[in-house]
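Student: give me a 3D structure for the following:
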Amino acid sequence: MIINTEVLQNKNLSLSAKGLYFYLKHISPDGGSINIKDLIDSSTSGFVATTKAIDELIEQGVIIKKNMIEVKE
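Tutor: The predicted structure follows:
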């Protein structure tokens, strides 16, 4: 697993977004696709908090959103 430590140092990302990034790397270490509904259902954070963290990661270029999200290596 390659971990992008720049994500940890990015002051434009909330702790929620940083934590989500590492969770995504854990469940998809090779940068595969992840279903957003399954991601939301996997925690107590709920739709709003999860999609806000996803949006932060997209805006910072850490992940790509298509019909599913893809974690960049």
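
Student: going by C-alpha atoms from here, please, whenever you check contacts or count neighbours.
Tutor: Fine.

Student: strands of this structure, start to end?
Tutor: In chain order, the chain shows strands spanning 33-34, 63-65, 69-71, with DSSP state E as the criterion.

Student: mind listing what Leu8 touches?
Tutor: Applying Cα atoms under 8 Å, 6 or more residues apart in numbering, one finds that Leu8 lies in contact with Lys18.

Student: apart from its chain neighbours, what residue comes closest to the residue nearest the centre of the chain?
Tutor: The chain has Tyr21 as the residue nearest its centroid, 3.8 Å off, counting by Cα atoms, centre = their mean. With Cα to Cα, 6 or more residues apart in numbering as the criterion, Tyr21 has its nearest non-adjacent residue at 7.6 Å, and that residue is Leu57.

Student: OK, contacts around the one you found?
Tutor: Residues counted as contacts of Leu57 (Cα under 8 Å, 6+ apart) are 13, 17, 21, 63.

Student: how about a cut-off of 10 Å?
Tutor: Applying Cα atoms under 10 Å, 6 or more residues apart in numbering, one finds that Leu57 lies in contact with 7, 12-14, 17-18, 20-21, 51, 63-65, 71.

Student: in TSV, list the residues you listed along with distance to Lys37 and pLDDT.
Tutor: Putting the contacts of Leu57 into TSV (distance: Cα to Cα, whole Å; pLDDT from 0 to 100) gives the following:
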residue	distance to Lys37	pLDDT
Val7	23	90
Asn12	25	96
Leu13	22	97
Ser14	21	97
Ala17	17	96
Lys18	19	95
Leu20	14	94
Tyr21	16	92
Thr51	10	92
Ile63	16	86
Ile64	16	82
Lys65	13	74
Val71	16	62
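
Student: any chance of JSON lines for those residues, columns distance to Pro29?
Tutor: What follows is the contacts of Leu57, written out as JSON lines (distance: Cα to Cα, whole Å):
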{"residue": "Val7", "distance to Pro29": "15"}
{"residue": "Asn12", "distance to Pro29": "23"}
{"residue": "Leu13", "distance to Pro29": "20"}
{"residue": "Ser14", "distance to Pro29": "21"}
{"residue": "Ala17", "distance to Pro29": "17"}
{"residue": "Lys18", "distance to Pro29": "15"}
{"residue": "Leu20", "distance to Pro29": "13"}
{"residue": "Tyr21", "distance to Pro29": "11"}
{"residue": "Thr51", "distance to Pro29": "21"}
{"residue": "Ile63", "distance to Pro29": "13"}
{"residue": "Ile64", "distance to Pro29": "15"}
{"residue": "Lys65", "distance to Pro29": "17"}
{"residue": "Val71", "distance to Pro29": "8"}
